[in-house]
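Asker: sequence and predicted structure, then a few things I'm wondering about:
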Amino acid sequence: QVQLVESGGGLEQAGGSLRLSCAASGRTFTDYAMAWFRQAPGKERAFVAAITSRGTRINYYEPVKGRFTISRDNAKNTVYLQMNSLKPEDTAVYYCAANVDRYSDSSYSFSYSYWGQGTQVTVSS
């Protein structure tokens, strides 16, 4: 199995930027497609972005398109989420997740077998 650890969250003003990182350890990183989800207070966990194992397919939640960029560095066993033009509604705990179907860019949480502990992102207005 794979272990996932997120970092890079924090407090940012609206319009600002943050970059989240998710470091993977355990099995071979390229065995997995990766994704970011988020959970706002009082809401269910929601899809943000996904990337296949070699980065050939990327899928975004429509409201973050053009603002967020998912990428991965397979040499560093790390997936990133660059978040620009942040809005207060982006406030949430952000989770990275691993999918054993390396060719999938699924937006469904049930597709992902492994999850990190989450990192808090707070955007002030």
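Answerer: Nice, thanks for sending it over.
Asker: quick check, central residue of this protein?
Answerer: Centroid check for the chain by C-alpha atoms, centre = their mean gives Trp36 as the closest residue, at 2.2 Å.
Asker: SS state for it?
Answerer: Following DSSP: H, G, I helix; E, B strand; the rest coil, we place Trp36 in the strand state.
Asker: who's in contact with it?
Answerer: By C-beta atoms under 8 Å, 6 or more residues apart in numbering, Trp36 lies in contact with 20, 22, 48-50, 70, 79, 81, 94-97. The C-beta positions use only the backbone N, C-alpha and C, and glycine is treated the same way.
Asker: mind jotting down where the strands sit in the protein?
Answerer: 2-7, 10-13, 18-26, 33-39, 46-51, 58-60, 68-73, 78-83, 92-99, 114-115, 119-124 (DSSP state E).
Asker: and Ser107, which of these is closest to it?
Answerer: The closest approach between Ser107 and any of these, judged by C-beta to C-beta, belongs to strand 46-51 at 4.0 Å.
Asker: mind listing the strands the closest one pairs with, and their directions?
Answerer: According to DSSP bridges, strand 46-51 forms sheet pairs with strand 33-39 (antiparallel), strand 58-60 (antiparallel).
Asker: what is the neighbour count of the nearest residue to Ser53 once chain neighbours are set aside?
Answerer: In space, and not counting its chain neighbours, Ser53 is closest to Arg102: 3.7 Å by C-beta to C-beta, 6 or more residues apart in numbering. Arg102 has 16 neighbours, counted by other C-beta atoms under 10 Å.
Asker: in CSV: the strands of the chain, plus distance to Tyr108.
Answerer: Listed next are those as CSV, based on distance: least, C-beta to C-beta, whole Å:
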stretch, distance to Tyr108
strand 2-7, 18
strand 10-13, 28
strand 18-26, 19
strand 33-39, 10
strand 46-51, 7
strand 58-60, 11
strand 68-73, 16
strand 78-83, 18
strand 92-99, 10
strand 114-115, 14
strand 119-124, 22
